[in-house]
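Asker: build me a model from this:
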Amino acid sequence: MSSTAITADATLPDAQPSPTSASRSVAEVLVCLPAIAADALPTVLEAIASAFPGEAVLVASSDPPANASDWPSLELIPYSNARTGVGWVLAVGDYAAAAHLAVERDARAVILLGDDTAPIDAPLLRSLADSVRTKNIDLVLPRFTLGPNDALVNSGLLYPLSRALFGADIHFPLPIDAALSTRLAQRLATSTQRLMALNQGSSLLWPVSEAAAAGLSVREIPAADIAPPAPPQDDFNALFATVAVSLFADIDAKASFWQRARGLPKRPSGQASPPPIAAIEASSEIHSMIETFHLAQDNLQEVWSLVLPPQSRLALKKLSELSPDAFVMEPDLWARIVYDFTLAFHLRTLNRNHLLGAMTPLYLAWVASHLRTVSDDPGRAARAVEITASAFETEKSYIVSRWRWPDRFNP
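Answerer: Numbering: from 1, shown residues only. A predicted model of the protein is given here:
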């Protein structure tokens, strides 16, 4: 997927010189595509045409095919989205360019597709558009099908924080694909301009929190039997830091919003977390993650003491004394740890790269606990994720108190 740097003085990209208002066509639906290989593009266009039979649809592509007449219901227009950032998710340039086209062509629903390798699902495409234009939803995101061990950064960090702090029960708040109303697209374009002005064009954008802060509606729809694309695995530590830094920065910027009181959903009844499967020996992968945590427990105490209060460090010490086959990090401890690191990011307690490096072994400890708990059982995995999110909701008062009076909680 191509990547073009965005400089601090960048503005909303122009796709092409605009036609006159008399000759410019409009359409209810605008579909913005990522950079797709030329041989794959006809299949994508066929899927879009089948999703909207009898309708005129604008399709923005970085390299429209010459034989556009093969799809008479589609108007293909040039699209310069200047992708930056992580790459497999929607980026700043995507939102900026889509907003420009949506306003120019008066589109009611804007669909952004971020993954250049996934096949287009026509029914999902139609559902995304209809949720915006007939149900007046401002942001619609797919809820992908997950295996018990998939997308754990999302399940353990992104989803719980978005749900607890922004009241959005959206399982994939960092969009791979999304449908937007024009008014949300315009708001996101304003956010991208701010990031560009701060020379942060490679940052990730969080439309769920943007919509929540603006009082706009958000909904997810099931994407049956569709798995999310896997992120690049070349350097997990760098990927984790990129996502976490961007998320923490967004939480920091919207602190005045999420600190306002609001009702929280009830915590699931029953046990605090599904019990681990004691009869199943921890795998070599789990052993490796626990060993990473043990090394951090020995070597990062000085750093952790700057971030974590004594009760959390004591709980981690007890956790380090457990055997791998009994290793369980309780959801409420994980929630408080994440909130502590979010606050340390806000206060700049230490260099932010070092901060995220010190958090990574703790995330791996949570992953090891989660994998031992769910043991490849989809039902247990879904329940564990919901209980983790509920723990973040329950502990929200902790982060609000720490944010407002950090000295009261100093280690």
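Asker: can we go C-alpha only for contacts and neighbour counts from here?
Answerer: Fine.
Asker: and residue 255, how many neighbours?
Answerer: By other C-alpha atoms under 10 Å, 15 other residues sit near residue 255.
Asker: buried sites along the worst-scoring helix or strand of the chain on mean pLDDT?
Answerer: Counting by mean pLDDT, DSSP states H and E, the chain has its least confident helix or strand at helix 182-197, which shows a mean of 85. For helix 182-197, burial by neighbour count (16 or more other C-alpha atoms under 10 Å) applies to 182-193, 195-197.
Asker: pretty sure residue 114 contacts residue 36?
Answerer: No - with contact defined as C-alpha atoms under 8 Å, residue 114 does not reach residue 36; the gap is 10.2 Å.
Asker: those two: which is more packed in?
Answerer: Neighbour totals were compared for residue 114 and residue 36, and residue 114 leads with 23 against 19 (other C-alpha under 10 Å).
Asker: quick one: that one from residue 157, how far?
Answerer: 21 Å (C-alpha to C-alpha, to the nearest Å).
Asker: overlap of the contact sets of residue 114 and residue 36?
Answerer: Common contacts of residue 114 and residue 36, defined by C-alpha atoms under 8 Å, 6 or more residues apart in numbering, are absent altogether.
Asker: could you list the low-pLDDT ranges of the chain?
Answerer: 1-26, 81-87, 116-117, 199-202, 232-234, 261-282, 408-411 (pLDDT under 70).
Asker: longest single helix anywhere in it?
Answerer: In the chain, ranked by residue count with DSSP state H as the criterion, the top helix is helix 352-374.
Asker: ok, now which ones touch residue 46?
Answerer: Taking C-alpha under 8 Å, 6+ apart, we find residue 46 in contact with residue 71.
Asker: now the helix or strand hosting it: how far from the chain's centre is it?
Answerer: Assigned by DSSP states H and E, residue 46 belongs to helix 41-51. Between the centre of helix 41-51 and the centre of its chain there are 26 Å (C-alpha atoms, centre = their mean, to the nearest Å).
Asker: ditto for stretch 311-327
Answerer: 29 Å.
Asker: please apply the same query to stretch 63-76.
Answerer: That offset, for stretch 63-76, works out to 32 Å (C-alpha atoms, centre = their mean).
Asker: contacts for it next, please.
Answerer: 35, 38, 41, 45-46, 49, 53-61, 77-79.
Asker: for the helix or strand hosting residue 338, the distance to its chain's centre please.
Answerer: Counting by DSSP H and E, the element that carries residue 338 is helix 331-347. Helix 331-347 has its C-alpha centroid displaced from the chain centroid by 18 Å (C-alpha atoms, centre = their mean).
Asker: and the angle from it to helix 352-374?
Answerer: Computed by axes from the mean of the first three to the mean of the last three C-alpha atoms, to 10 degrees, the angle separating helix 331-347 from helix 352-374 equals 170 degrees.
Asker: buried residues, helix 331-347. List them.
Answerer: For helix 331-347, using 16+ other C-alpha under 10 Å, the buried residues are 331-346.
Asker: which elements pack onto that helix?
Answerer: Contacts defined by 3 or more C-alpha pairs under 8 Å, 6 or more residues apart in numbering; DSSP states H and E place helix 331-347 against helix 236-253, helix 301-307, helix 310-320, helix 352-374, helix 378-394, helix 396-404.
Asker: let's see 10 Å
Answerer: For helix 331-347, the packing partners by 3 or more C-alpha pairs under 10 Å, 6 or more residues apart in numbering; DSSP states H and E come out as helix 159-166, helix 236-253, helix 301-307, helix 310-320, helix 352-374, helix 378-394, helix 396-404.
Asker: any chance of the ones you listed in a markdown table, with distance to residue 28 and mean neighbour count too?
Answerer: Below are those laid out as a markdown table (distance: least, C-alpha to C-alpha, whole Å; neighbours: other C-alpha atoms under 10 Å):
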| stretch | distance to residue 28 | mean neighbour count |
| --- | --- | --- |
| helix 159-166 | 30 | 24 |
| helix 236-253 | 31 | 17 |
| helix 301-307 | 50 | 17 |
| helix 310-320 | 52 | 16 |
| helix 352-374 | 43 | 21 |
| helix 378-394 | 36 | 21 |
| helix 396-404 | 40 | 17 |
